[in-house]
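# My questions are about this predicted structure, shown below with the sequence.
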Amino acid sequence: MNITVKHIKELITNTDNILVISHSSPDPDAISSAYVTYKLLKENYPQKNVYINIEKLDTVKQLSSYIDMSPITQIDTRELIKKHNIQLIICMDIGNSRMFSIKDQAELSGKSVIQEFVESGKKVVCIDHHNEADLKELSIYINYRHSSCVQSIYTLFISDMGLREYDGIINHLLLGVISDTGGLQFFESNVRSTLEFVTMLVERGGSIDEVKSNIERLSLPIAKVLSELLQNAKCTGEMSYTYVSDDFFEKNSDIPDTVYSSATKVYAAEFSKRIGTANWGFVVKKSPTGRYSISLRSVTGKNSRDVSKIAKRFEGGGRLTTAGGIVNANNVLEAVDKVITVIKDEFGTL
């Protein structure tokens, strides 16, 4: 057991009140990573008070028949820390400390909830898998460079720390790795390790078909937003982009933000790098804070673009082919123009 893993185990052993969190509006890898961590801690440390909180969980509500969402609270993270006297935070799947709190995302300045927690003398452990992370303020940062965060959770807690598995863990692990590799289509690093991990899970009873059916299920409102995104799609050589128009957003105020988030994620993954001659692209939509969120995707291989460079210019982050951020703009077309300007500055051409 290396020094970092030993330190994490000692922190857990010596702490009574532990909080597990992932970024708000989580993707399936983020929710499965947080849930697996929570369940492993409850299984192996029954005497501990372990909490799991993810602000704005509804983006993965289609997984509620697959993952038991009942233990997960969705309250303000600062409020929960104070309420339960949290002494240790275990966070995951994030390259920017502001993404854990909706309040932090809405504000351009000020300390994040993570920074405040560390400065109060308490400890934070972050398990991540992104290429670069702006999380230097954390007590412990661990990154195995896996294709999915949930594989890093398995490596840390089960392989390295030797924690006992809980019943039903296999498909929860498979959920994370299948979702973050686009159904085993996209790999940025550790390809052999990822395939060996998936092989092990399938041999132990995991079902890729079952997992993909849960991830890819679409509602009619999601299809409606997808239609808007397809209608507004533009292709400029190797890059595509689209957006949800402000007019559509206003006329369909009954559609919850979770639907918009789900639709833009589907479009970004399935269409942005396949429209016309595009190898990469981005999607823009209005967020509940009044700002505009961007989702960027790129193909892998020789034609890939490091879209995380763009995301970092917009308070975001991610990996080489998958990233996201936030744009301040008066309207969606202004937001699109700002993204294009940064792309030209970063890459020199579209």
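Alright, I've got the coordinates.
# in this structure, which spans are helices?
Counting by DSSP state H, the chain has helices at residues 3-13, 28-44, 77-83, 102-106, 113-119, 149-154, 169-180, 191-203, 208-215, 220-231, 246-251, 257-270, 308-312, 332-347.
# now the residue nearest to N2 when sequence neighbours are not counted: how far from D128?
Leaving out its chain neighbours, the residue that sits closest to N2 by CB to CB, 6 or more residues apart in numbering is D160, at 7.6 Å. The C-beta positions use only the backbone N, C-alpha and C, and glycine is treated the same way. Distance of D160 to D128, computed by CB to CB, to the nearest Å: 15 Å.
# between these two, who's got more neighbours?
D128 (24 against 18; other CB atoms under 10 Å).
# Am I right that that one is in contact with I94?
Yes. D128 lies in contact with I94 (CB atoms under 8 Å); the separation is 6.6 Å.
# burial measure for K6, as a count.
Other residues near K6 come to 12 when the count uses other CB under 10 Å.
# Over to K265?
Counted by other CB under 10 Å, the residues lying close to K265 total 20.
# Okay, and the beta partners of the nearest residue to it once chain neighbours are set aside?
Nearest non-adjacent residue to K265, counting by CB to CB, 6+ apart: S295, 6.4 Å away. S295 has these beta-bridge partners by DSSP bridges: V283, G324.
# Tell me which of the helices of the chain sits nearest to P71.
Comparison of the helices of the chain against P71 by CB to CB identifies helix 28-44 as nearest, at 6.6 Å.
# Which elements pack onto that closest one?
Helix 28-44 is packed against strand 17-22, strand 49-53, strand 72-73, strand 88-92, helix 149-154, helix 169-180, with contacts defined by 3 or more CB pairs under 8 Å, 6 or more residues apart in numbering; DSSP states H and E.
# so which of the ones you listed comes closest to V259?
helix 169-180 (18.2 Å).
# Now do that closest one against helix 28-44, angle only.
Following axes from the mean of the first three to the mean of the last three CA atoms, to 10 degrees, one obtains 160 degrees for the angle between helix 169-180 and helix 28-44.
# who's in contact with helix 169-180?
27-29, 32-33, 35-36, 39-40, 63, 66-67, 147-151, 153-154, 184, 194, 197-198, 201-202, 204-208, 210-212, 214-215, 322 (CB atoms under 8 Å, 6 or more residues apart in numbering).
# Show me the protein divided up by domain.
3-169, 220-347 (automatic domain parsing).
# Of all those, which one is nearest N190?
Among the domains of the chain, domain 3-169 comes nearest to N190, with 5.5 Å by CB to CB.
# and the closest one, how far apart are its ends?
End-to-end distance for domain 3-169, by CA to CA, to the nearest Å: 27 Å.
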